[in-house]
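> structural data only, the sequence is not supplied:
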């Protein structure tokens, strides 16, 4: 899909054409992170890359900035191919990434110092940037002396002080508490709408749907495994935007539906009816059994009575969209719920689970885990067949790395171990690194 809006002169500030990114795994198939990504960023635009964790959004942002090369495809800034750190581009990271031994002012000056700017001009520009983002008076403070919100303001000032044309932001508010993040978003939008920042366009990564609708002119929705643009949503609501506006809520609801429609299409084609057949190469999201049980209980109770609209469920359960998607898809994988078109509905087994006591819940979870999660069934089969009923964790993690990245393999094996512990399917000893049938149910 080509999500293209151009500048008035006919040329985009940023152009991404047919970009792929993959990791090579020796003789095993490449692990594909991004596939055939096409997008543009036009003048005076704020555009969001919206998707779940692991959809390659941050990887794409680093490719655009020139911090890493694409495996395939072309990235251009102002018509010039990106080869190394891109000129006219600055980036704000999720982590504050400040040097603790430098003051606020010194951290902001750092980029100008690297450019060889004279100290007097450097100080003048840095002071202006610090004042612009609301930290006047804190120039001599060290990072440990200021709050997380203030530290992220320093990161923003450090990006703005080099006067970039394009500002890239990688989930800049996700490490902040809700109120601090809201304040910083509002201040940033005010600066943008008033034309007080020396930038022509903003490209930001987020998995927060409301944040994307609140801040952006366009939203590019990414799929996962591999990451690609599956939808483009234009946000034509006037600024400032009101979260309670019916049009705002309708757009949020529409995006939830778009982000689950791909799953629904896959399920409809599967031979199992509502549920897809997945092998051991499936990346398992980081979701605790407490979260799964709590979500089932929320769905079963009032006011949902077994079926919920995802935006409302996220609000009632105090969950971010990304966290809710991961939990919902895990419930779907294990046949406790069905996820489609922005709704989550308990299955008959999901409703039964909600009504059971602790021991019966464990037994039911154990059955569903071994029956419907191929990796759990595979590990149990290996343990059953070995005389010692033990196997090293590394044996399964190495197997997973034939299908996914090292980080994803580590997350997946740890997740299935935690689920198996709850269901008393198998145990894991951290000291020996062995998975075993010790104390199985």
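That came through fine. Predicted model only: the values in this text are computed from it and were never measured. Numbers count the residues shown, from 1 in each chain.
> for residue 240, see how far away residue 172 is.
19 Å (C-beta to C-beta, to the nearest Å). C-betas here are computed from N, CA, C, even on glycine.
> quick one, strands of the stretch 301-441 of the chain?
Per DSSP state E, counting those that start in this stretch, the stretch 301-441 of the chain has strands spanning 307-309, 337-340, 343-346, 390-392, 427-429, 434-436. These are given in chain order.
> picking up where we left off before, have a look at residue 172 and residue 240 and say which one is more surrounded.
Each of residue 172 and residue 240 had its neighbours counted (other C-beta atoms under 10 Å), and the higher figure belongs to residue 172 (26 against 10).
> how about that one, nearest residue that isn't a chain neighbour?
Of all residues not flanking residue 172 in the chain, residue 92 sits nearest, at 4.8 Å (C-beta to C-beta, 6 or more residues apart in numbering).
> surely the one you found and residue 156 touch.
Yes. Applying C-beta atoms under 8 Å, one finds residue 92 in contact with residue 156, separated by 5.6 Å.
> mutual contacts of the two, please.
residue 172 (C-beta atoms under 8 Å, 6 or more residues apart in numbering).
> quick one: which of the two has more around it?
Each of residue 92 and residue 156 had its neighbours counted (other C-beta under 10 Å), and the higher figure belongs to residue 156 (26 against 23).
> in what helix or strand does that one lie?
Of the helices and strands defined by DSSP states H and E, residue 156 is found in helix 148-160.
> for that helix, buried residues please.
For helix 148-160, a neighbour-count test (16 or more other C-beta atoms under 10 Å) marks 149, 150, 151, 152, 153, 154, 155, 156, 157, 158, 159, 160 as buried.
> which among those residues gets closest to residue 355?
Top of the list for closeness to residue 355, among the buried residues of helix 148-160 and by C-beta to C-beta, is residue 149 at 43.8 Å.
> just checking, that closest one touches residue 184?
Yes. A contact is recorded between residue 149 and residue 184 when judged using C-beta under 8 Å, the distance being 5.9 Å.
> any shared contact partners between those two?
residue 176.
> which stretches of the stretch 51-200 of the chain form strands?
In the stretch 51-200 of the chain, the segments counted as strands under DSSP E, counting those that start in this stretch are 72-77, 80-81, 89-92, 166-170.
> pull up the pairing partners for the third one, direction included.
When pairs are called by DSSP bridges, strand 89-92 turns out to pair with strand 166-170 (parallel).
> need the contact partners of the strand it pairs with.
Under the criterion C-beta under 8 Å, 6+ apart, external residues in contact with strand 166-170 comprise 13-14, 41, 58, 61, 64-65, 77, 86, 88-94, 159-160, 197, 199-205.
> kindly recompute the last result at 7 Å.
Outside of strand 166-170, the residues within contact range by C-beta atoms under 7 Å, 6 or more residues apart in numbering are 13-14, 41, 58, 61, 64-65, 77, 88-94, 159, 199-205.
> any chance of the strands of the stretch 301-441 of the chain in JSON lines, plus distance to residue 222?
Rendered in JSON lines, the data for those read as follows (distance: least, C-beta to C-beta, whole Å):
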{"stretch": "strand 307-309", "distance to residue 222": "22"}
{"stretch": "strand 337-340", "distance to residue 222": "18"}
{"stretch": "strand 343-346", "distance to residue 222": "21"}
{"stretch": "strand 390-392", "distance to residue 222": "35"}
{"stretch": "strand 427-429", "distance to residue 222": "33"}
{"stretch": "strand 434-436", "distance to residue 222": "34"}
